[in-house]
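# predicted structure and sequence below. I'll ask about it afterward.
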Amino acid sequence: MKIEKSFISGLYIIEPTIIDEEIIKYDKKIFKENNLNMEFIQDNESFSMKNVLRGLHIQIKKPQGKLVSVLEGEIFDVAVDLRKDSKTYMKWDSAILSSSNNKMFYIPEGFAHGFLVISDVAKVSFKVSNLWNPEDEIGIPWNDATLNINWPLNKNVPIIAEKDTKYLSIKDNRIFN
């Protein structure tokens, strides 16, 4: 298993071990040896079509850490550091995750998360450290000027869920200021 640190503390891109065509994506012992100590309590999956952009979402009172991987297709996955005491507060990093590269994105609690489907379809898997709580979830617009995320849209118009069109910008949301 290859574990690559991001420039943002706590974020990691992980390449799983492949043995005789079997992919070992999560090995608690190896994660612990590398101080990746999140306790995952649930596995979730989502299925999306090309150009669907989900996020950016975060839970405030009951934060969720995630281990994201792709079972089918390819995504541009983004994590935004919203830990106010962090040296990289409001910075973002990304990873291309696909069913062919088998990479995973380890995103600790305190980050907003979102992704763009860049293949025809994508089936995304999330191990999460806390249950989803819709009353606790807030979001940031995918195109927030403060973040200036360079989404690989290639002149395509993203498909956005209605709830994701109603978020306040970072500068207008008192939670982030």
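Here it is on my side, so go on.

# what packs against the helix or strand of the chain with the lowest mean pLDDT?
When the helices and strands of the chain are scored by mean pLDDT, DSSP states H and E, strand 22-24 comes last with a mean of 75. Contacts defined by 3 or more CB pairs under 8 Å, 6 or more residues apart in numbering; DSSP states H and E place strand 22-24 against strand 17-19. C-betas here are computed from N, CA, C, even on glycine.

# sec struct for residue 30, please.
Here residue 30 is recorded as helix under DSSP: H, G, I helix; E, B strand; the rest coil.

# measure the nearest residue to it once chain neighbours are set aside to residue 102 for me?
Counting by CB to CB, 6 or more residues apart in numbering, residue 1 is the residue found nearest to residue 30 once chain neighbours are left out, at 5.2 Å. Counting by CB to CB, to the nearest Å, the separation of residue 1 from residue 102 is 11 Å.

# for residue 156, the count of nearby residues, please.
Neighbourhood size, residue 156 [other CB atoms under 10 Å]: 13.

# report the central residue of this protein.
residue 113 (4.1 Å; CA atoms, centre = their mean).

# if we can go back for a sec, show me what contacts the residue nearest to residue 30?
The contact partners of residue 1, by CB atoms under 8 Å, 6 or more residues apart in numbering, come to 14, 15, 16, 17, 24, 27, 30.

# where's the dip in pLDDT among the residues you listed?
Lowest pLDDT among the contacts of residue 1: residue 24, with 72.

# relative to residue 45, how far out is the nearest residue to that one once chain neighbours are set aside?
Distances taken as CB to CB, 6+ apart place residue 17 nearest to residue 24, at 4.5 Å, with adjacent residues excluded. The gap separating residue 17 from residue 45 is 22 Å, by CB to CB.

# more neighbours: the two, which one.
More crowded of residue 17 and residue 45, by other CB under 10 Å: residue 17, with 13 against 10.

# can you give me the helices in this protein?
28-33 (DSSP state H).

# report the residue spans of it with pLDDT below the cut-off.
In the predicted model, the chain carries no residue with pLDDT under 70.

# which one in it is furthest away from the centre?
Distance from the centre of the chain peaks at residue 20, with 28.9 Å (CA atoms, centre = their mean).

# so how far is residue 33 from it?
Distance of residue 20 to residue 33, given as CB to CB: 23 Å.
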